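Trainee: Here's a sequence, model it:
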Amino acid sequence: AVEAERDRTTAGAHAALRSTAALPTPEAKAEAWARLTSGTLSNREFSAMADGFWGIEQGALGADYAARAPRELASFAHTQGQAMGQLIGRALPSIALPDGSAALIRELQAVVQTDVPTVALRGFNDHLDDLEHMRAATA
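Mentor: Numbers count the residues shown, from 1 in each chain. Down below sits the predicted model:
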């Protein structure tokens, strides 16, 4: 908060959003997720929060959001325009989860086949591919 107040540039504001989303507390994650799916963030603000949300050592903290993310983000994508639709895949989990990501991959496959609007489909498919490669590499 002190640094965000000191650095009032756009880059500083985005860094503050990224940092806030990265805080390792249930309260910070709940607030960040609510903001990510609220439709009130600009494209760059959304990207900054999405980049900070999935901390490398926060798999357990983010597990509930990982289970919800495919369907909630697909639903969110239905309400957004093309530019935001292309970014929404960035908010999908990008870390190794406690279950090895198998459940997330299955859920993401199901959502991609039934519920992702065209503007978001590339981001979802790219993310699914990345998760499958990560799972194979860690197996």
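Trainee: Tell me which residues touch residue 39, please.
Mentor: Residue 39 makes contact with 76, 79-80 under the criterion Cβ atoms under 8 Å, 6 or more residues apart in numbering. C-beta here means a position set from N, CA and C on the backbone, and glycine is covered the same way.
Trainee: can you tell me which helix or strand residue 60 belongs to?
Mentor: For residue 60, the element it lies in under DSSP states H and E is helix 59-78.
Trainee: Mean confidence (pLDDT) on the helix or strand following that helix, please.
Mentor: Using DSSP H and E, the helix or strand that follows helix 59-78 in sequence is helix 82-87. Mean pLDDT, computed over helix 82-87, is 88.
Trainee: CA-only coordinates of whichever helix or strand comes after helix 82-87, as CSV, when you get a sec.
Mentor: For helix 82-87, the following helix or strand on the C-terminal side (DSSP H and E) is helix 102-114. Taking C-alpha atoms only, helix 102-114 is exported to CSV below (Å, rounded to 0.1, in the frame of the first residue of the first chain):
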residue,chain,number,x,y,z
ALA,A,102,-5.4,-33.9,-13.6
ALA,A,103,-8.8,-32.8,-12.3
LEU,A,104,-8.3,-29.3,-13.6
ILE,A,105,-7.4,-30.6,-17.0
ARG,A,106,-10.5,-32.8,-17.2
GLU,A,107,-12.7,-29.9,-16.1
LEU,A,108,-11.0,-27.6,-18.6
GLN,A,109,-11.4,-30.1,-21.4
ALA,A,110,-15.2,-30.4,-20.6
VAL,A,111,-15.6,-26.6,-20.5
VAL,A,112,-13.7,-26.0,-23.7
GLN,A,113,-15.9,-28.5,-25.5
THR,A,114,-19.2,-27.0,-24.4
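Trainee: So which residues make contact with helix 102-114?
Mentor: Taking Cβ under 8 Å, 6+ apart as the rule, helix 102-114 contacts 66-67, 69-71, 74, 92-93, 97, 121, 124-125, 127-128, 131-132, 135.
Trainee: Can you give me the separation between residue 105 and residue 39?
Mentor: 27 Å (Cβ to Cβ, to the nearest Å).
Trainee: do residue 74 as well
Mentor: 14 Å.
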